[in-house]
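1. kindly generate the corresponding structure for this input.
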Amino acid sequence: MRVLITGVCGFVGSALARCLLDRVEGIGVSGIDNLMRPGAETNRARMEQLGVGFIHGDLRSASDIAGLPACDWVIDAAANPSVLAGLSGTGGSRRLFEHNLGSLGNVLEYCREHKAGLVLLSSSRVYSIPALAAIPLRVHNRAFTIDPAAPLPRGLTQNGIGEEFSTAAPVSLYGATKLASEIMALEYGEAFDFPVWITRCGVLAGAGQFGTPDQGIFAYWVNAHLRRRPLRYIGFDGAGHQARDAFHPRDLAALLVAQMRTARSGGQRVYTAGGGPANTMSLAQLTAWCDERFGRHVPAADPAPRRYDIPWVAMDNTSAARDFGWQIEVPLPAVLEGIAEHARAHPDWLEVSHA
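-> Numbering: from 1, shown residues only. Alright, predicted model coming up:
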């Protein structure tokens, strides 16, 4: 099997490359990255040491993609990851469109030409912000959780958010590019007869994740707490009750391998995957976890709401478990311990990744 990973020098792309090489005997992995993200260059040498064929190129450029080697599958892990992307700066919205949607058009053309399957990594942020904000919640153990006594909307169970949850606008500019990417990928696959799998991911987290809030809140929080950097609980009364599920790229890789090995045509193509309720933690709980390991460090309370912020997200893994036998193997404490060990070993990590 030959696999091409876009965004291969990002945290997710590089982690997937390592995991695929460990899991799949005889696999060939290559990847493309424009190295524009702070910290990406640190992964380039590691990829080459692992035998990953690295191509320095920009997915926005059709000529850069034209020179890519043929493959059996493309894993698309390249995108601007911030839900606030496109809101500020001259041309920011255009750049977001070019990076997240225009680039995908070039990737889809590559898949069409080479008859390569596509595994598209999507996001929990394709879901409707008003619908997410309206989820019935209560505070339990310093974290928002689903209110067990309240009726739940379609697509939401006690197991989390599933594929049928509302994607009605607004979903943010970022969320709109990801949702549009899903639609275009499915249409290309149908029109030109190549397989497409789409996975709407919860928060991916692990050691070596770039230390910025928009690229990985868990890694950022642990690194900033250890270094006594200023931290804030933004919105939701400034209490830090907002909660997210997290899972390790190693678990994501297991799901992607199962998808690529499945020859099924038709049927469900969009799945949700994440840590689920068992791997969900609030910022207040994460602070308490850090306090135990690094000493007390108190975030400031900033109760003013911020655009696009939502109180709770945890993904429902039921469909992926049913169709691929997939389950989370790396518990959240192990994910956090890995981040903490990396933070201790790399005291300059926030500077390297320009947090």
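2. CA atoms only: put the helix ranked longest in the chain into PDB for me.
-> Longest helix in the chain by number of residues (criterion: DSSP state H): helix 173-192. Only the C-alpha atoms of helix 173-192 are listed here, as PDB (Å, rounded to 0.1, in the frame of the first residue of the first chain):
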ATOM      1  CA  LEU A 173     -16.000  30.200   8.400                       C
ATOM      2  CA  TYR A 174     -13.700  27.500   9.300                       C
ATOM      3  CA  GLY A 175     -16.500  25.000   9.800                       C
ATOM      4  CA  ALA A 176     -18.000  26.000   6.500                       C
ATOM      5  CA  THR A 177     -14.800  25.200   4.600                       C
ATOM      6  CA  LYS A 178     -14.600  21.700   6.300                       C
ATOM      7  CA  LEU A 179     -18.300  21.000   5.600                       C
ATOM      8  CA  ALA A 180     -17.900  22.100   2.000                       C
ATOM      9  CA  SER A 181     -14.800  19.900   1.700                       C
ATOM     10  CA  GLU A 182     -16.800  16.900   2.800                       C
ATOM     11  CA  ILE A 183     -19.400  17.500   0.100                       C
ATOM     12  CA  MET A 184     -16.900  18.100  -2.600                       C
ATOM     13  CA  ALA A 185     -15.000  14.900  -1.600                       C
ATOM     14  CA  LEU A 186     -18.100  12.800  -1.700                       C
ATOM     15  CA  GLU A 187     -19.200  14.200  -5.000                       C
ATOM     16  CA  TYR A 188     -15.700  13.700  -6.600                       C
ATOM     17  CA  GLY A 189     -15.600  10.100  -5.300                       C
ATOM     18  CA  GLU A 190     -19.100   9.400  -6.800                       C
ATOM     19  CA  ALA A 191     -18.400  11.100 -10.100                       C
ATOM     20  CA  PHE A 192     -15.000   9.600 -10.700                       C
END
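3. contacts for the very next helix or strand once past that helix, please.
-> Using DSSP states H and E, the next helix or strand after helix 173-192 towards the C-terminus is strand 196-201. The contact list for strand 196-201 (CB atoms under 8 Å, 6 or more residues apart in numbering) reads 117-124, 126, 163, 182, 185-186, 188-189, 247, 252, 255-256, 259-260, 269-274, 315, 320. All C-beta atoms are positioned from the backbone trio N, CA, C, and that covers glycine.
4. returning to that earlier point: and the longest helix of the chain, what's buried?
-> Neighbour-count burial for helix 173-192 flags 173-179, 181-182, 184-186, 188-189 (criterion: 16 or more other CB atoms under 10 Å).
5. quick check, nearest of these to residue 100?
-> residue 177 (3.7 Å; CB to CB).
6. mind checking how far the closest one is from residue 108?
-> Distance, residue 177 to residue 108, using CB to CB, to the nearest Å: 14 Å.
7. and residue 272, by the same measure?
-> From residue 272 to residue 108 the distance is 22 Å (CB to CB).
8. of these two, give the one with the bigger neighbour count.
-> More neighbours surround residue 272 than the other of residue 272 and residue 108, with 28 against 24 (other CB atoms under 10 Å).
9. is that one in a helix, a strand, or coil?
-> strand (DSSP: H, G, I helix; E, B strand; the rest coil).
10. and it, how close does it get to residue 163?
-> 6 Å.
11. mind listing the shared neighbours of those two?
-> With CB under 8 Å, 6+ apart as the test, residue 272 and residue 163 both reach 200, 319.
12. would TSV of the buried residues of helix 173-192 with pLDDT and distance to residue 133 be doable?
-> TSV is the format used below for the buried residues of helix 173-192 (pLDDT from 0 to 100; distance: CB to CB, whole Å):
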residue	pLDDT	distance to residue 133
173	92	17
174	92	17
175	94	13
176	94	17
177	95	21
178	95	19
179	97	18
181	97	24
182	98	22
184	98	27
185	98	28
186	97	27
188	98	33
189	97	33
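13. packing partners for the longest helix of the chain?
-> Packing partners of helix 173-192 (3 or more CB pairs under 8 Å, 6 or more residues apart in numbering; DSSP states H and E): helix 92-97, helix 103-114, strand 117-123, strand 196-201.
14. residue 45: how many residues sit nearby?
-> If you count neighbours by other CB under 10 Å, residue 45 ends up with 11.
15. what helix or strand is it located in?
-> Going by DSSP H and E, residue 45 is in helix 40-49.
16. tabulate the CA atom coordinates of that helix in CSV.
-> Only the C-alpha atoms of helix 40-49 are listed here, as CSV (Å, rounded to 0.1, in the frame of the first residue of the first chain):
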residue,chain,number,x,y,z
ALA,A,40,6.7,22.2,11.2
GLU,A,41,10.4,22.2,10.3
THR,A,42,11.2,20.3,13.4
ASN,A,43,9.2,17.3,12.0
ARG,A,44,10.8,17.3,8.6
ALA,A,45,14.1,15.6,9.7
ARG,A,46,12.1,13.0,11.7
MET,A,47,10.0,12.1,8.7
GLU,A,48,13.1,11.7,6.5
GLN,A,49,14.8,9.6,9.2
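17. what comes up buried for that helix?
-> Quick answer for helix 40-49 (16+ other CB under 10 Å): 40, 42, 43, 44, 47.
18. C-terminal to it, what's the next element?
-> Trace forward from helix 40-49 with DSSP H and E and the next one is strand 53-56.
19. show me how far the helix or strand that that following strand is followed by is from its chain's centre.
-> Following strand 53-56 in sequence order, the next helix or strand is helix 62-66 (DSSP H and E). Taking CA atoms, centre = their mean, to the nearest Å, one finds the center of helix 62-66 at 25 Å from the center of the full chain.
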